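Peer 1: Show me the folded form of this:
(one chain, ligands or ions: 2)
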Amino acid sequence: MVSTLSSSTQATPVVSPNQSLYPLTSRTNSQGHLEIGGCDVVELVQEFGSPLYILDEWTLRRACQLYRDTLAQCYGGTSQVLYATKAWNCLAICALALQEGLGLDVASGGELYTALQAGAKGEDLYLHGNAKSVEELKMALEVGCTVVVDSLFELEQLAALATPEQPARLLLRINPGIDVHTHEYIRTGQTDSKFGIGQFQLPQAFEFLSQHLQLRCVGFHAHIGSQIFDLQGHRDLVGVLAQIWRQGLHKGLPLQELNVGGGLGIRYVESDDPPSIPAWVETVATAVQQGFGLAGIPLPKLLCEPGRSLIGPAAVTAYTLGGQKGIPASDDLPEGRTYITIDGGMSDNPRPMTYQARYTARLANRPEAEPTQLVTVAGKHCESGDVLLRDIRLPDPVAGEVLVVLATGAYNYSMASNYNRYPRPAAVLVNEGQAQLILRRETYADLIRQDLLPERLLR
Ligand SMILES: Cc1ncc(COP(=O)(O)O)c(C=O)c1O
Ligand SMILES: N[C@@H](CCCC[NH3+])C(=O)O
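Peer 2: Ligands and ions are numbered 1, 2, ... in the order given. Prediction:
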């Protein structure tokens, strides 16, 4: 666990990135500033502007390697890690994951297109979605990507598009009926969910597959939810899938691949205590070996598709602090409240508003200063709920200082919007003292790129 900063020049000891609040290369430099990937965060903001997403290449690679290597070491069969690109999909990140030997889970035509542009091939790709369009399915078939089929309706759609010459390679997404303790909006494996084929629908699905030989069902997939700290959910999941696998084999399906989804949580605040990446991988691998190997079923190729635990801890968002508003104590508000503004908010990180997500923040120019003052960090949008951090302690922050919010790599840029017509921030990839722009800051011109102005509306 890394929750404090190293001020030495030694590399930080290797830990599981998802248990660290900071990117693993973080340290306090000789200026007393926060440094990530060998780059001074205050200087990064001066050079690239604010707000700024800062992605630490070493931390991301380390997380990819931990998943990939632990799986290869502790699982007796073949395996493949897929990066769930919905967490943050852009050319550079897709390319980096491919370089590390990962495949890519894409959840839309747009994510698929980006992955292809980043160099992915059909065999690297798995297309998700509970309501895929015909265009998305056609695109997947054309590039030879595996389709993770979410419903009986989609099986019919695929059967109409695939041919014996261009068969569809698919996994069935199963709803395993497993409930986990995470935010209601990010649970996906419970019976009452829009995702996946219910177990009560499986006889129909198997029958349909046996009648449509242009559909090659090579395995099953399930995903029980996100930001999960308890390993039991995935143990239970493997048990359910092993039973269904037996039924599928009995029906003559050419099963090879078992995809157990993603979901491992990360540390956002000090009190979060997720299991490490190796602990999660070992749990899953052991459960599959027990559920399959011991039951005499040949081991499937084991796939998993983490998103948050790969990219979340690798990035931070840097903001510039603005003015403050102090509300005096009253009966309703015994401690009063100090609002401090930032130059970003719900448009670059909608998670606090959407899931009541909590984060940790530090000042980049004095990360080790004693956090004395109770403040609430408010975004710049026209919404009362646009509050990024509620009642946190900072060391008497002043306007102009750079506030760094930690662990913002997952579901921040990918869920960002242009609400209030704010341009999306830039993102830089930092490594060994070099910073490279991987996403340009949007301009006002970008904001009206798609606008059309019929001439008759002009005054
Ligand atoms: C189908 C599927 N796979 C993988 C993921 C990645 O999950 P996580 O980011 O929690 O690892 C998600 C998101 O929850 C998902 O819906
Ligand atoms: N967007 C969610 C995770 C959902 C992942 C998609 N199934 C979050 O930020 O926590």
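
Peer 1: got the contact list for the closest residue to residue 342 other than its chain neighbours?
Peer 2: Using C-beta to C-beta, 6 or more residues apart in numbering and skipping the chain neighbours, the partner closest in space to residue 342 is residue 319 (3.9 Å). Using the backbone N, CA and C atoms, a C-beta is placed for each residue, glycine as well. Taking C-beta atoms under 8 Å, 6 or more residues apart in numbering, we find residue 319 in contact with 50-51, 342-344, 402-405.

Peer 1: same thing but 10 Å
Peer 2: 45, 50-52, 341-345, 348-349, 361, 364, 377, 379-380, 388, 401-405, 425 (C-beta atoms under 10 Å, 6 or more residues apart in numbering).

Peer 1: Next, it: secondary structure please.
Peer 2: When classified by DSSP: H, G, I helix; E, B strand; the rest coil, residue 319 comes out as strand.

Peer 1: next one: residue 404
Peer 2: Quick answer, by three-state DSSP: residue 404 is strand.

Peer 1: how near is it to ligand 1?
Peer 2: 22 Å (C-beta to the nearest ligand atom, to the nearest Å).

Peer 1: With residue 426 instead?
Peer 2: As defined by C-beta to the nearest ligand atom, residue 426 lies at a distance of 23 Å from ligand 1.

Peer 1: Report the contact partners of that residue.
Peer 2: 48-54, 437-442.

Peer 1: Who does it form a beta bridge with?
Peer 2: residue 52 (DSSP bridges).

Peer 1: Give me the neighbour count for residue 122.
Peer 2: 14 (other C-beta atoms under 10 Å).

Peer 1: which residues touch it?
Peer 2: By C-beta under 10 Å, 6+ apart, the contact list for residue 122 reads 116, 140-146, 169.

Peer 1: so what's the residue in the chain positioned nearest to ligand 2 up against?
Peer 2: As assessed by C-beta to the nearest ligand atom, ligand 2 sits closest to residue 411 within the chain, at 3.1 Å. Residues in contact with residue 411 (C-beta under 10 Å, 6+ apart) are 86-88, 186, 226-227, 307-308, 311-312, 349-351, 354-355, 357.

Peer 1: What's the per-residue pLDDT of it here?
Peer 2: Residue 411 is assigned a predicted lDDT (pLDDT) of 98.

Peer 1: backbone phi and psi for the residue in the stretch 1-150 of the chain positioned nearest to ligand 1, please?
Peer 2: For the stretch 1-150 of the chain and ligand 1, the shortest gap (C-beta to the nearest ligand atom) falls at residue 84, measuring 3.6 Å. Backbone torsions of residue 84, given as degrees, to the nearest 10, read phi -80, psi 100.

Peer 1: count of residues packed around it?
Peer 2: 29.

Peer 1: can I assume it is in contact with residue 221?
Peer 2: No. Using C-beta atoms under 10 Å, residue 84 makes no contact with residue 221, being 11.8 Å away.

Peer 1: which neighbours do these two share?
Peer 2: Joint contacts of residue 84 and residue 221 (C-beta under 10 Å, 6+ apart) are 105, 126, 128, 261, 305.

Peer 1: Regarding the first one, what is its secondary structure?
Peer 2: Right, the one you point to is residue 105. Residue 105 ends up strand, using three-state DSSP.

Peer 1: list the contacts for it?
Peer 2: Counted by C-beta under 10 Å, 6+ apart, residue 105 has contacts 81-87, 89, 111, 115, 125-128, 146, 148, 221, 223, 259, 261-262, 303-307.

Peer 1: With residue 316 as the reference, measure out to the spatially closest residue to residue 362 that is not a sequence neighbour.
Peer 2: Distances taken as C-beta to C-beta, 6+ apart place residue 404 nearest to residue 362, at 5.3 Å, with adjacent residues excluded. Per C-beta to C-beta, to the nearest Å, residue 404 is found 5 Å from residue 316.

Peer 1: Need the residues touching each of the two.
Peer 2: 22, 26, 34, 36, 41, 52, 54, 360-362, 364.

Peer 1: re earlier: same list, the contacts of residue 122, but as CSV with secondary structure please.
Peer 2: Shown next, in CSV, are the contacts of residue 122 (three-state DSSP):
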residue, secondary structure
116, helix
140, helix
141, helix
142, helix
143, helix
144, coil
145, coil
146, strand
169, strand
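
Peer 1: Just the buried residues from those residues, in ChimeraX please.
Peer 2: To isolate the buried members of the contacts of residue 122 in ChimeraX, using 16 or more other C-beta atoms under 10 Å:
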select :116,140,141,143,145,146,169
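
Peer 1: Could you dump the contacts of residue 122 into CSV with distance to residue 369 added?
Peer 2: CSV is the format used below for those (distance: C-beta to C-beta, whole Å):
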residue, distance to residue 369
116, 46
140, 51
141, 57
142, 56
143, 52
144, 54
145, 50
146, 50
169, 55
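
Peer 1: ok, of the contacts of residue 122, which one's closest to residue 328?
Peer 2: Nearest to residue 328 out of those is residue 116 (C-beta to C-beta; 57.2 Å).

Peer 1: And the residue nearest to the spatial centre of the chain, what's its pLDDT?
Peer 2: The chain has residue 87 as the residue nearest its centroid, 2.7 Å off, counting by C-alpha atoms, centre = their mean. For residue 87, the pLDDT comes out at 98.

Peer 1: repeat for residue 189
Peer 2: So, for residue 189, pLDDT stands at 79.

Peer 1: same check, this time on residue 8
Peer 2: pLDDT recorded at residue 8 is 44.

Peer 1: Tally up the residues packed near the residue lying closest to residue 106 once chain neighbours are set aside, please.
Peer 2: Sequence neighbours aside, residue 112 is the residue nearest to residue 106 in space, at 4.4 Å (criterion: C-beta to C-beta, 6+ apart). Residue 112 is flanked by 25 other residues according to other C-beta under 10 Å.

Peer 1: Tell me which residues touch residue 112, please.
Peer 2: Counting by C-beta under 10 Å, 6+ apart, residue 112 has contacts 85, 89, 104, 106, 120, 125-129, 136, 139-140, 143, 145.
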